[in-house]
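1. Just to be clear, the model below is a prediction. Sequence and coordinates:
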Amino acid sequence: MAIAKFPSVVIDCPDPAVLAAFYGELFGWDVEDKGDWFDIRPGDGSNCISFQQVEVYQAPVWPGQTIPQQMHLDMVVEDLDEGEEAAISLGATKADHQPGETFRVFLDPAGHPFCLCLS
């Protein structure tokens, strides 16, 4: 029997409104403003990513470990070029270091790395 359910991932950031809007558009999910905390969810409410404001936020350094990435999201896309164009249009930055051919590394508006993957 499970002890807990997995309702959400929470991401620290300097401006939760900006990051929630970015990921909300990327996933096509609804954004809910809770002040210094934002949630994004699909229409069916089955998943949730939350964003919380922290005063002393330091963006991770990719690919180095001066400030570790701590976590990152992998997202599956059908076409890497189309996914890249869409992510950049929403405010992502393509990372200079690209260690693979079946995925691409980007930085969200707060500097968190994330990957668009073919599988």
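-> That came in fine, so what should we check first?
2. Residues touching stretch 31-42, excluding its own?
-> 8, 16-17, 19-21, 23-24, 27-30, 47-53 (CB atoms under 8 Å, 6 or more residues apart in numbering). Bear in mind the C-beta positions are built from the backbone N, C-alpha and C, glycine included.
3. Just the C-alphas of stretch 112-119, formatted as CSV.
-> Written as CSV, here are the backbone C-alpha positions of stretch 112-119 (Å, rounded to 0.1, in the frame of the first residue of the first chain):
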residue,chain,number,x,y,z
HIS,A,112,16.8,26.1,-14.4
PRO,A,113,17.9,23.6,-17.0
PHE,A,114,15.3,21.5,-18.8
CYS,A,115,15.4,19.1,-21.7
LEU,A,116,13.3,18.6,-24.7
CYS,A,117,13.6,14.9,-25.6
LEU,A,118,12.5,12.6,-28.5
SER,A,119,11.6,9.8,-26.0
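4. please begin residue numbering at 126 from this point
-> Yep, numbering from 126; the last one is stretch 237-244 now.
5. Could I get the full set of helices for the chain?
-> 141-152, 205-215 (DSSP state H).
6. Next, the buried residues of the longest one.
-> Meaning helix 141-152. Neighbour counts over helix 141-152 (16 or more other CB atoms under 10 Å) mark 141, 143-151 as buried.
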